[in-house]
Structure formats: structure tokens, C-alpha cells
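Asker: Could you look at this predicted model? Sequence included:
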Amino acid sequence: MTAAELDAVKRYMILSNYSEGTIEKYLSCLKRYTTLDEYLEYLIELKPATRQVYLSALKIYLKVSNQEHLISKLPKVKQVENFRDYKPIPLETFLHLHYDDIFHKLIVVFLAFTGLRRGELLKLEWSDIDLEEGFMLVERKGRKKQKLPIHPKLIPMLRAWKRVNQDKRVFPVSATTVWRIVKKYTDKYPHYLRGVFASVMGQKNLPATQILLGHKNIRTTMRYVRPDYSSLVEVLK
């Protein structure tokens, strides 16, 4: 794919209000495009969820390049339930790990106690956070701002960090750095903390958890939530 074609796709996604993360991801997929047959051949070795991302990127390219008639001929990826290892462990667990400094602790605990995506975390600015009222404005997919409460346990940590952080961003680091920090202390990845948050909150109040996670469809939220036997018994009381 030529640079001009990639620029056209990028322009289309920007005008269509795609998030920066999605734009970057789709452009990365399309860089592998040479011919339609070779592109589809490459997808065979990918996992279903990854394959769907590549196909979504391809659909946009076909629209932009006036080949929209080919979209109906593309394969449809059967969705596979993907629960992974999102167990409802106590969120307080992440408060008591041995951290090197307050910033590392804040990143891990913040992700665990908010369920934010890594990109949403990195976009937070101090102007988005009201520590007096205890809420934050989170930029969701589609660049829409959503007002969410901040867990009380995060307030003193944020106050302490704000006193030493002179940047306008709350977390002035790269996505890779966040990944490395989470991996160091949990041996997992940032989205794992989102999954744990979802599994814990989902057993308390599923509709509220959907809002906290920024999901449009509650079926997406349900992918994280596995009610245990005791919760099923509780429902019947």
C-alpha cells in the first residue's frame, strides 16, 4: 500500500472521529497490504480477535479506494467467547504490592480501581480531575468525554502525586512504559487490570459496570463477568 493510500485512510478515520489508538492500529494493519489475496492469506494464521481488527481496517481501505463492492465478499469472523483469566480478586491486593515509588504504585492501582483502558489513562490531564468533588472526565472511544467517580482510595495518592508532578498530564509517560510498569509488579498486562475491575464490579452491579467501562453493549461487559455459585444462590433469595 502506498503512502498516499495510507494518508487517505488516515484522513477518512480522523474525519469519522476514530480514536487515535484505533487509527494507529488500523494503519499498522494496512501496512501489510499488497494485494487482497495476500492480505487475506496472512490473516489465516491470526487469532480470531486479531483477524477481526485486520478485516475492519481492510473494510475502511476498500471504502476509501472505491472498492466497497468487495466488502460483502469478505469472510465473517465467528466471535469466540474470550474470558481469559479475569478472576474477581480483591482490588485492595494491588494496594499492598511492593512498589519502587509512588508513581509506579499510582499507575497500577489507578488502572485496577478505575478499569480504564491504557489509552484513556494516558490522555488524562489534571484539568480533567476534580479531587475536591471526586470525579474525572475520561475521553472514551469516539473522543467523547464521560464523567466518572474516582474511588476514594485514589484521592490521597493523586494529591501526593500532583504535588511533585509539574506536567499537565497526570501520567506523562508512553504506553510502553505503562505496560512495563504493570508487567513488573503484576506479571500481567494493563488490560488484565481492566478485566479484574470488571469481574469484581460486574458481580455487584452489571449495568453500572457497563457504564464504568464505557461499553456500548452489555454483552461486551459480560465477557469479563463470570458469576460464581454463591452469587447465583444470592439472586434466588
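Answerer: Everything's here; your move.

Asker: Quick one: residues contacting the nearest residue to S174 once chain neighbours are set aside.
Answerer: Leaving aside its sequence neighbours, S174 sits nearest to L122 (C-beta to C-beta, 6 or more residues apart in numbering; 7.9 Å). Every residue, glycine included, has its C-beta placed from N, CA and C. Counting by C-beta atoms under 8 Å, 6 or more residues apart in numbering, L122 touches 169, 171, 173-175, 178.

Asker: and if we set it to 10 Å?
Answerer: L122 makes contact with 20-21, 116, 139, 169-175, 177-178, according to C-beta atoms under 10 Å, 6 or more residues apart in numbering.

Asker: so it is in which element?
Answerer: Using DSSP states H and E, L122 maps to helix 118-123.

Asker: out of the contacts of L122, which one sits closest to K59?
Answerer: G21 (17.9 Å; C-beta to C-beta).

Asker: Assign L6 to helix, strand or coil.
Answerer: helix (DSSP: H, G, I helix; E, B strand; the rest coil).

Asker: Now do the buried residues in stretch 175-183.
Answerer: Within stretch 175-183, the residues scored as buried using 16 or more other C-beta atoms under 10 Å are 178, 181-182.

Asker: so how far is it from its chain's centroid?
Answerer: Relative to its parent chain, stretch 175-183 has a centroid offset of 14 Å by C-alpha atoms, centre = their mean, to the nearest Å.

Asker: do the same with stretch 131-144
Answerer: That offset, for stretch 131-144, works out to 15 Å (C-alpha atoms, centre = their mean).

Asker: now do the same end-to-end measure for that stretch.
Answerer: 21 Å (C-alpha to C-alpha, to the nearest Å).
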